[in-house]
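Q: Generate coordinates for the sequence data below:
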Amino acid sequence: MIKKFIDKLLGNHKPKFGKRQEVGPEVHGIDPALVDERALSVVHTLKDAGYEAYIVGGAVRDLLLGLRPKDFDVATNATPEQVKGLFRRAFIIGRRFRIVHVVYGRGREHEVIEVSTFRAYLDAAAAEAVRGNERTSKGELAGMKHAVDASGRVLRDNVWGPQEEDAARRDFTINAMYYDPERRVVVDYHGGIADAKKRLLRMIGDPATRYREDPVRIIRAVRFAAKLAALGFKLEAKTLAPVKPSLALLAEVPQSRLFDEMLKLLQTGHAVATVEQLKALGLAKGIYPLLDLIVERAEQPFVRAALQDTDRRVGEGKPVAPSFLLACVLWADVRDGWNQRLAQRQHPFPALQDAIDQVFDSRIGDVSGRGKLGADMREIWMMQPRFEKRTGSTPFSLVEQPRFRAAFDFMRLRADAGEVDVVLADWWQEFSQASDAVREDLVAQLREELHKPRRVRTVRREGPADGAPSAGGSEPGRPLPERRPGPASPVVDRAGTRADADAGDDAAGAEPAGEADAPRKRRRRRRRSGGGGGGGGAAGESAGGDA
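A: Below you'll find the model as predicted:
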């Protein structure tokens, strides 16, 4: 009686485990063709070894809705060590929850099936309590299986139990169903099938208690609401009510975990919908500072285009990198800081590096700014001024950089937003897709356009002969007099070497150095030994031409 009073006072509501219901294919209507073959293989291997095994979680929800799941998780009564022993490439990971990753394939084509062991439902009031968090109490937590911090947040929960308790400790009813693909049966304890038909997102147990146990469930509620909004799903009123009052609990969650959860919000193919959902739920601020900034800038054309582009790529099954989206969101800060330093007459590249360092310190901190994500963002930004240089060897070396495609896509979005000339983006797109020979032509053509002279005709003035008017003094409409060959004159060819040219070439249009914008390419001509007067054959003479 006293324990019940204390539980009520502390808000500890133990959820009902529910009644097991097995629903056949005539009711759930799951299409077996939507089930991944590798997930089937994991289930079959576990069952063949004498264990229970089911596809579980969001994959079952998506299958019920007629969608092809992107990820498949499996739940079993085998321990992580027993699971690992059944597969050639399996790895035990996690601290709070120890799970197994079974890996198929290699490189970008690899697939991970996540296998978790059924867990017991544990009363938070019976857990061991620590005063600190995961970092400050690491030594104390090392030997604990069930522990919470001072706020009631679960830090350790590695106690195995029956399936009914495993279902009770999951968050939403539509994520707490188990599918046996061999028997084609869905096991449902909490009315998940009924809620899926009603398009309802409902928390299992008391929502306020569940948010306190793991405040990240607030972010998961937003993610599911955004992902399923297009299908008509809404958060149940009782599930929604404690969300804002529980927001302060996120302050106790490690920043690295919040950062990862933020990336999940933005990379599931519903980034735009997530921003709208955060605004609609009154959560535009307070979850995570960088997420607050994304919501604030979501209506800016450049950021909006990046969010839409991310959603498009996910929808097309293409990979997305968080570095690209975050680079787009923070570009305004980098650009403004860069321009300020340029105005102070700093050198462009050091100025850009300093601006980037300042943005990492102020916006990202130590969470990921020193890792691969930060390095990729830095490389995308540092490549932007290099796109302006399209002569010499720069284009050829730039296109071979590992992050060229991301940096180019970034520049293309800048062009779409009016920040960069579209002609520049089009040139780089053509260059990046062309063969080596075509790339050489593109660079040569650009060089000619950049150094193309203005077509101004100049005529050498010569003194009058026999009382005739000079060439430069011809009357309007009268043809210029025919020029006679003169002595040879040195000129500079396109390659920058000197060559002898006949006076006839010089008189036909060659200009003194400093007057011509760009001399035309000339062929070196062989001097005839028996030529007539003038000391050499004029350009254009035939082999037996007159003197």
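
Q: Can you mark which positions in the lengthiest helix in the chain are buried?
A: Scanning the chain for the longest helix, with DSSP state H as the assignment, gives helix 322-343. Neighbour-count burial for helix 322-343 flags 322-331, 333-335, 337-338, 341 (criterion: 16 or more other C-beta atoms under 10 Å). No exception for glycine: its C-beta is placed from N, CA and C like everyone else's.

Q: Three-state assignment for the nearest residue to R89 once chain neighbours are set aside, please.
A: Spatial nearest neighbour of R89, excluding adjacent residues (C-beta to C-beta, 6 or more residues apart in numbering): V103 at 4.4 Å. The local conformation at V103, judged by DSSP: H, G, I helix; E, B strand; the rest coil, is strand.

Q: tell me, what residue is most central in the protein?
A: A321 (2.8 Å; C-alpha atoms, centre = their mean).

Q: I'd guessed that residue sits against A406; true?
A: Yes. With contact defined as C-beta atoms under 8 Å, A321 reaches A406; the gap is 6.5 Å.

Q: Need the overlap of contacts for the two.
A: Shared contacts of A321 and A406, defined by C-beta atoms under 8 Å, 6 or more residues apart in numbering, are found at D376.

Q: Run through the residues that contact L342.
A: If a contact means C-beta under 8 Å, 6+ apart, then L342 has P348, A351 as its contacts.

Q: switch to numbering from 35
A: Okay, residue one is now 35; in that scheme the one you just asked about reads as L376.

Q: I'd like the distance between H144 and V136.
A: Distance from H144 to V136, counting by C-beta to C-beta, to the nearest Å: 11 Å.

Q: more neighbours, those two?
A: Neighbour totals were compared for H144 and V136, and V136 leads with 24 against 10 (other C-beta atoms under 10 Å).

Q: hang on, the more buried one packs against F121?
A: Yes. Counting by C-beta under 8 Å, V136 does reach F121; the two are 4.9 Å apart.

Q: so where's the stretch 435-581 of the chain shaky on pLDDT?
A: Applying pLDDT under 70 to the stretch 435-581 of the chain flags residues 486-581.

Q: wait, the stretch 235-384 of the chain
A: Looking at the stretch 235-384 of the chain by pLDDT under 70, you get an empty list.

Q: V149 in helix, strand or coil?
A: V149 is classified as strand under three-state DSSP.

Q: what ranges do the strands span in the stretch 185-334 of the chain?
A: For the stretch 185-334 of the chain, the strands defined by DSSP state E, counting those that start in this stretch cover 188-191, 211-214, 219-222, 234-235, 268-269.

Q: Out of these, point me to the one whose mean pLDDT is lowest.
A: Among these, strand 188-191 carries the lowest mean pLDDT, a mean of 65.

Q: tally of neighbours for A471?
A: For A471, the number of neighbouring residues by other C-beta under 10 Å comes to 8.

Q: swap that for A242, please
A: With other C-beta under 10 Å as criterion, A242 counts 17.

Q: do the same with Q479
A: 11.

Q: mind listing what it touches?
A: With contacts defined as C-beta under 8 Å, 6+ apart, Q479 has no neighbours.

Q: in what helix or strand does it lie?
A: Assigned by DSSP states H and E, Q479 belongs to helix 470-484.

Q: how about stretch 456-476: buried residues?
A: Buried, per 16+ other C-beta under 10 Å, within stretch 456-476: L458, A459, W461, W462, F465, R473, L476.

Q: Which one of these is nearest to P59?
A: For the buried residues of stretch 456-476, the residue nearest P59 by C-beta to C-beta is A459; the value is 51.4 Å.

Q: Tell me which helix or strand the closest one sits in.
A: Judged by DSSP H and E, A459 forms part of helix 456-467.

Q: What would the longest helix of the chain look like as PDB? C-alpha coordinates only.
A: Extracted in PDB, the C-alpha atoms of helix 356-377 (Å, rounded to 0.1, in the frame of the first residue of the first chain):
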ATOM      1  CA  PRO A 356      24.700  15.200 -42.700                       C
ATOM      2  CA  SER A 357      27.800  17.300 -43.400                       C
ATOM      3  CA  PHE A 358      26.200  18.700 -46.600                       C
ATOM      4  CA  LEU A 359      23.000  19.800 -45.000                       C
ATOM      5  CA  LEU A 360      24.700  21.300 -42.000                       C
ATOM      6  CA  ALA A 361      27.200  23.100 -44.300                       C
ATOM      7  CA  CYS A 362      24.200  24.700 -46.000                       C
ATOM      8  CA  VAL A 363      22.500  25.700 -42.800                       C
ATOM      9  CA  LEU A 364      25.700  27.300 -41.400                       C
ATOM     10  CA  TRP A 365      27.000  28.800 -44.700                       C
ATOM     11  CA  ALA A 366      25.500  32.300 -43.900                       C
ATOM     12  CA  ASP A 367      27.600  32.500 -40.800                       C
ATOM     13  CA  VAL A 368      30.700  31.400 -42.700                       C
ATOM     14  CA  ARG A 369      30.100  33.800 -45.600                       C
ATOM     15  CA  ASP A 370      29.400  36.800 -43.400                       C
ATOM     16  CA  GLY A 371      32.500  36.100 -41.300                       C
ATOM     17  CA  TRP A 372      34.600  35.700 -44.400                       C
ATOM     18  CA  ASN A 373      33.300  38.900 -45.900                       C
ATOM     19  CA  GLN A 374      34.100  40.800 -42.700                       C
ATOM     20  CA  ARG A 375      37.700  39.500 -42.800                       C
ATOM     21  CA  LEU A 376      38.100  40.400 -46.500                       C
ATOM     22  CA  ALA A 377      36.900  43.900 -45.700                       C
END
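
Q: ok, back up a step: tell me which other helices or strands the helix holding A459 touches.
A: Where contact means 3 or more C-beta pairs under 8 Å, 6 or more residues apart in numbering; DSSP states H and E, helix 456-467 is packed against helix 438-450, helix 470-484.

Q: the inter-axis angle of that helix versus helix 438-450?
A: 160 degrees (axes from the mean of the first three to the mean of the last three C-alpha atoms, to 10 degrees).

Q: Please tell me I have it right and A124 contacts V137.
A: Yes. A124 is in contact with V137 according to C-beta under 8 Å; the separation is 7.2 Å.

Q: burial of P66, as a residue count?
A: By the criterion of other C-beta under 10 Å, P66 has 10 neighbours.

Q: again, but for D455
A: Counted with other C-beta under 10 Å, D455 comes out at 12.

Q: Leaving out chain neighbours, which residue sits closest to it?
A: In this structure, D455 finds its nearest non-sequential neighbour in A449, 6.9 Å apart by C-beta to C-beta, 6+ apart.

Q: picking that back up, format the CA atom coordinates belonging to the helix holding A459 as CSV.
A: Extracted in CSV, the C-alpha atoms of helix 456-467 (Å, rounded to 0.1, in the frame of the first residue of the first chain):
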residue,chain,number,x,y,z
VAL,A,456,24.3,29.9,-63.1
VAL,A,457,26.8,29.9,-66.0
LEU,A,458,29.6,29.0,-63.6
ALA,A,459,27.6,26.0,-62.2
ASP,A,460,26.7,24.9,-65.8
TRP,A,461,30.3,25.0,-66.8
TRP,A,462,31.5,22.9,-63.9
GLN,A,463,28.7,20.4,-64.4
GLU,A,464,29.7,19.9,-68.1
PHE,A,465,33.4,19.7,-67.1
SER,A,466,32.8,17.1,-64.4
GLN,A,467,31.0,14.8,-66.7
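
Q: Much appreciated, bye for now.
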